[in-house]
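# kindly return the folded structure for what I paste below:
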Amino acid sequence: MKIKTVQAFIVGGFRCNWIFVKIATSDVVGVGEATLEFNEKSVLGAVEAIGETLVGEDPFPIARHCDRIIRNNYWRTNVVLRAALSGIEGALYDLKGKALGVPVYELLGGRMRDCLPVYANTWRPGGTNRDEVAAKAAKIVEAGFSALKFDPFFPAHLHMNARDRNDAIAMVAAVRQAIGDDVELLIEGHGRFDVQTAIMIARSLEAHRPFWLEEPVGPESIGALADVRRHSPVPIAAGERTYDQFQAEDLLRYEAVDVLQPDICHVGGIGELRAIAMAAHGHLRPVAPHNVNGPVGNAMTLHAAASLPNVTILETCSVDAPWRRDITTEDVHIVDGRMQIPNTPGLGLELNEDMLAKYPPREFGFHHYSKIGYGARSPDAVPWYTIAGSEDETA
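A predicted model of the protein is given here:
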């Protein structure tokens, strides 16, 4: 069995464009995901360049291929390379699992769990009206989620004056009251703050019992993040902008995080996410993968998480583009706040290639620090999964 073709597709999504990778032999096709927000063309070029070196090769020695790809790239720590590798490695695992008739997690040593707790992201309405935000949070819980995350600090950068800080904390308080004490509340920072502001915010959040405060400072300085963690009364999560196991190990070594959040589409794929998770396990730190990419990335993350002992919770988009259900055969079920792990061969889904061209790439801007904010996302977004027990079996 030899690799005949390596192709990449860019498809318009809800919060970003998705990048899918397809690797084909004469008999089997595998798919992976290489989504990297706002860098689609760079990743597409990287996939094409790497793909040329794989044509004619045996697809089964995945670790050997990944090691060679990294070794032969002088700029081996950059996120464009890692994203491209994520899609290629995911497609190779999918292909191998399908060829052998087993789920990908069986290639990783078997699954340790059948399902994984999930928290909802992308649910927050636009605007700053705390009553509207709290009401929407309550609806997310009613729909079947037992944990949710949002950023109440939008669009702050570095510093936040007392009035704005108080308004943000009041929104957190309103959400906590709306969802009750038995629902986990996760607070996103998007790397907004300087150390002083981050510490003040962390202390103000303590009364509302957050599961964590995520990325309180930017990813540039591990020392700054460690400073915040030393003074924070709430757990600190970070790592979605960490691109390999060596950077993740620095976060652990400098005691900068309580929870690591690698993104399978940004770190180099399933193998690298597992390496990061096991490094965290050596410090008895949990891992909660960053997971707001597309359907194939979600499947890759589920299979990796199935094989790991210390994945505690998984991020998921509560809504996505209405055509997400059209472009793959994805079939995701959430039961009692837990996403079920598929047991079909490979990653458990196929691309509907005839549908991909119907949803071309869209123009996306970076809105974390602008007034456009959440309102920039498509208003026609819908749930893309099935929640058992809901009235229409969808959220």
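# which stretches of the chain form helices?
40-54, 62-71, 79-100, 104-107, 130-142, 162-179, 195-205, 222-231, 245-253, 270-281, 295-306, 324-327, 353-356 (DSSP state H).
# go ahead and measure how far the last one is from the middle of the chain.
So the one you mean is helix 353-356. 24 Å (C-alpha atoms, centre = their mean, to the nearest Å).
# average pLDDT across it?
Averaged over helix 353-356, pLDDT sits at 96.
# which elements pack onto that helix?
In terms of contacts (3 or more C-beta pairs under 8 Å, 6 or more residues apart in numbering; DSSP states H and E), helix 353-356 is packed against strand 5-11, helix 324-327. C-beta here means a position set from N, CA and C on the backbone, and glycine is covered the same way.
# got it, and the first one?
Secondary structure elements in contact with helix 40-54, counted by 3+ C-beta pairs under 8 Å, 6+ apart, are strand 5-11, strand 18-24, helix 62-71, helix 79-100.
# those: which one's closest to residue 145?
For those, the distance to residue 145 is smallest for strand 18-24, at 23.0 Å, taking C-beta to C-beta.
# one step back: make JSON lines from the helices and strands packed on helix 40-54 and add distance to residue 158 and mean pLDDT to it.
Below are the helices and strands packed on helix 40-54 laid out as JSON lines (distance: least, C-beta to C-beta, whole Å; pLDDT from 0 to 100):
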{"stretch": "strand 5-11", "distance to residue 158": "33", "mean pLDDT": "97"}
{"stretch": "strand 18-24", "distance to residue 158": "32", "mean pLDDT": "98"}
{"stretch": "helix 62-71", "distance to residue 158": "35", "mean pLDDT": "97"}
{"stretch": "helix 79-100", "distance to residue 158": "23", "mean pLDDT": "98"}
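# what's the closest of these to residue 292?
Using C-beta to C-beta, those put strand 18-24 closest to residue 292, at 11.1 Å.
# and stretch 214-229, how far from the chain's centre?
Counting by C-alpha atoms, centre = their mean, stretch 214-229 comes out at 19 Å from the chain centroid.
# mean confidence score for it?
On average, stretch 214-229 scores 97.
# wait, doesn't residue 307 sit right on residue 111?
Yes: under the criterion of C-beta atoms under 8 Å, residue 307 makes contact with residue 111 at 6.2 Å.
# looking at the two, which is more packed in?
residue 307 (21 against 18; other C-beta atoms under 10 Å).
# measure the more buried one to residue 271 for me?
Separation of residue 307 from residue 271 (C-beta to C-beta, to the nearest Å): 11 Å.
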